[in-house]
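Chemist: any chance you can model this:
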Amino acid sequence: SDGVVLVHKTCEGCGTSFEVPHAYRERSFCSMSCGNVYINTDPQVKAHRTQGVRKTYQVRMQDLRVKQAGVCSSLAFRLGRKPNRKEWSRACKDEGITSRIGPTLKFGFRAFSEVLAAGAVYNHKVDKVEDLPGKHTVYNITVDDFHTVALVSSTRVKRGNKCYTGVYVGNCGEVNLHDKESCNLAEVFPAKFDGSVDATVIFKLVTRYGLRQRMSPLSDPESDQVQRSNMRVGVGLGGICDFEYTKELLAKWYSIVRAEADSYADELGVNRPIAVTTVKPSGTISLLTGSSPGIHAPFAPFYIRRTRIADNDPMVGALQEAGVPWEYDAYDQTKHTLVFEFPMKAPHTRVTVQSERARDQFERQAQIQHWWSDNAVSATLSFDPNTEREEMAGLLKEYVPQFKSTSMLAKTHGYTQAPYEQIDVDEYARRVSQIDAEHPLTHGGDFEIDECASGACPLR
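Modeler: All right, here's what the predicted structure looks like:
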C-alpha cells in the first residue's frame, strides 16, 4: 500500500483482523483499549497497574497539597491573619494553581480547614527582629546522633507515631539545600598553587568534576529529581587565610567557575546549576593539605587537634602503636569512641584565631560571601568573652544581613575535649617526641584486601 509493506495480524484480544506496517509487525492487539482489556484479565497485572496509577495520583496530589499550603502560608503572612477561602482561591488562581478541594478527592485537602492547618506549618518566616535590652542567656546545643536542633511548635499522633512540627536546623552551614537535596562539594587550595598548572584550568576542572558528580543517579527518586533540577555544585575555597586575596581576584575566580558550569551544563544537556561556589569547614581535608581550615585562621601557633574515631576502626590500633595520645570520648557513654590528640604547628602565624579580632573575621566572611560564594560560607567566628562580648550584638546587626549562615564561639568556652586547644612550643615539642612519626600506620594487616575482596568494604 503506497510503497509500505503491511503485515496482516489477528488481534489476540478480540480476534479481529488488522494490518500494521512491517516495522510494527510485533504488535499483538488491534487497539490500545483492546490490549488493556486483555491485560486486565490477569488479576495480578490489573492489581499492579491499579497500584501504579494510584501511586502516581497520590504523588501528584501531594505536590498539589504542598503548593496550596504554600499559597495559604504566603497569603497569611501578607495579610497578617488567616485568609478566607475566597481570598485563598483568588491567590491560587494568580499563582496558576488549582484551588480544588473537597471530600471527593482521595489524596487532596478535604476541607478548607485542612488548608489553613497545613498553611500554618508550611514554613516559618521572620516577622520582625527586635533588640532586647540587657543581657540574656544563650544556649549552644549539641544533639548527639541527629546533630539538629528543633523548635517544636506543635505535636500530634499519626498512625500511632508522635509527629512534631516546627523549625528544624541542621549543622551544615555552607550550602542551604532544598528538601531532599544532596550536597556536592569540592575544594581548591590557592595557597598550594605552584604555577605548574594555570589557576583557570584548575577551577574549570574542579567545576566539571562537581557537575559530573551530579550526573550520578541517587537511589532515592525524589532526591535524584531535586538534584537534576537544581544541578547545584559547591566549588570551595580552602586555606583562605594562607594567601593574599583581593575582591578582584575572588570575582575573577567566581566568573571562571560560573561560566564553566553553564557551558559544561549546556554541553551535557542538563540544567545550569542554580549555585556553584561555597566555603566549607574543611576540617579533615585541610589537615591533609597542611592548610588552615576554610575561612578560618590557624587556631594558634601551636595547638592540639582532636579527632574522634570509632573503636572498631583499624586505624585505632595503628595510632595507638604510633604513640598518639588518646582517651575515651567523654560524651559517649558506651566507650566505643576514642579521642586522639595530634600536636599541630600552624603553617604561618601572621594571623591566628587567638590574635584576630572578631570584627576582622566578620569582615572576611562578608567579603568572601559577596565576591565568591553564591551558596553560603561556613564560619565559626571566635571572640574574646572578656573584651569583645559587648561588641558582638553590634557586629551581628551590622553584618548578618550580608550572610547566609554563621556561628560564633568564645575563645574560652570550657568544653571537654574541644577540637582545638592552644599549647606552647615546649608542650608541642614534648608531644611530638612521644609519637613515632615513622610508623607505617598499617595496623590490622591485610584488612583492606581481605575484607574488601568482594568489592564491598565493611562499614566502620
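
Chemist: tell me where the protein has strands.
Modeler: Using DSSP state E, the strands found in the chain span residues 6-10, 17-21, 148-158, 161-170, 185-188, 234-237, 277-278, 302-310, 326-328, 337-345, 380-383, 407-410, 420-422.

Chemist: nearest to residue 56, of those?
Modeler: strand 148-158 (23.3 Å; CB to CB). C-beta here means a position set from N, CA and C on the backbone, and glycine is covered the same way.

Chemist: parallel or antiparallel, list what pairs with the closest one.
Modeler: When sheet partners are counted by DSSP bridges, strand 148-158 sits next to strand 161-170 (antiparallel).

Chemist: using TSV, lay out the strands of the chain together with mean pLDDT.
Modeler: Converted to TSV, the strands of the chain look like this (pLDDT from 0 to 100):
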stretch	mean pLDDT
strand 6-10	91
strand 17-21	90
strand 148-158	75
strand 161-170	71
strand 185-188	95
strand 234-237	96
strand 277-278	96
strand 302-310	89
strand 326-328	95
strand 337-345	92
strand 380-383	91
strand 407-410	86
strand 420-422	89
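
Chemist: relative to residue 284, which of those strands is closest?
Modeler: strand 302-310 (8.0 Å).

Chemist: so which elements touch the closest one?
Modeler: helix 314-321, strand 337-345, strand 420-422, helix 425-433 (3 or more CB pairs under 8 Å, 6 or more residues apart in numbering; DSSP states H and E).

Chemist: now the angle between helix 314-321 and it, please.
Modeler: Interaxial angle of strand 302-310 relative to helix 314-321 (axes from the mean of the first three to the mean of the last three CA atoms, to 10 degrees): 140 degrees.

Chemist: for residue 283, find the nearest of the helices and strands packed on strand 302-310.
Modeler: The minimum distance between residue 283 and the helices and strands packed on strand 302-310 falls on strand 420-422, with 10.2 Å, by CB to CB.

Chemist: contacting residues around the closest one?
Modeler: The set of residues external to strand 420-422 that reach it, using CB atoms under 8 Å, 6 or more residues apart in numbering, is 299, 300, 302, 303, 304, 305, 306, 353, 354.

Chemist: OK, contacts around residue 156?
Modeler: Contacts for residue 156 (CB under 8 Å, 6+ apart) come out as 162, 163, 165.

Chemist: circling back to that earlier point, among the contacts of strand 420-422, which one has the most neighbours?
Modeler: residue 303 (24 neighbours; other CB atoms under 10 Å).

Chemist: any idea how far residue 101 is from that residue?
Modeler: 60 Å (CB to CB, to the nearest Å).

Chemist: centroid residue for this protein?
Modeler: For the chain, the residue nearest the mean C-alpha position is residue 183 (3.8 Å; CA atoms, centre = their mean).

Chemist: quick one: the nearest residue to it once chain neighbours are set aside and residue 279, what's the gap?
Modeler: Spatial nearest neighbour of residue 183, excluding adjacent residues (CB to CB, 6 or more residues apart in numbering): residue 175 at 5.7 Å. Distance, residue 175 to residue 279, using CB to CB: 10 Å.

Chemist: okay, these two: which has more neighbours?
Modeler: Taking other CB under 10 Å, residue 175 and residue 279 do not tie; residue 279 has more neighbours (28 against 23).

Chemist: touching, that one and residue 377? I think so.
Modeler: Yes. Contact status for residue 279 versus residue 377: in contact at 4.4 Å, counting by CB atoms under 8 Å.

Chemist: for the stretch 301-450 of the chain, give me the ranges with low pLDDT.
Modeler: The stretch 301-450 of the chain contains residues with pLDDT under 70 at 413, 442-450.

Chemist: what do you get if the cut-off is 80, keeping everything else the same?
Modeler: Applying pLDDT under 80 to the stretch 301-450 of the chain flags residues 412-415, 441-450.

Chemist: also the stretch 101-250 of the chain?
Modeler: In the stretch 101-250 of the chain, residues with pLDDT under 80: 106, 121-130, 135-154, 158-159, 163-173.

Chemist: show me where it has helices.
Modeler: Remark: helices assigned in the stretch 101-250 of the chain by DSSP state H, counting those that start in this stretch are 112-120, 199-214, 221-230, 247-268.
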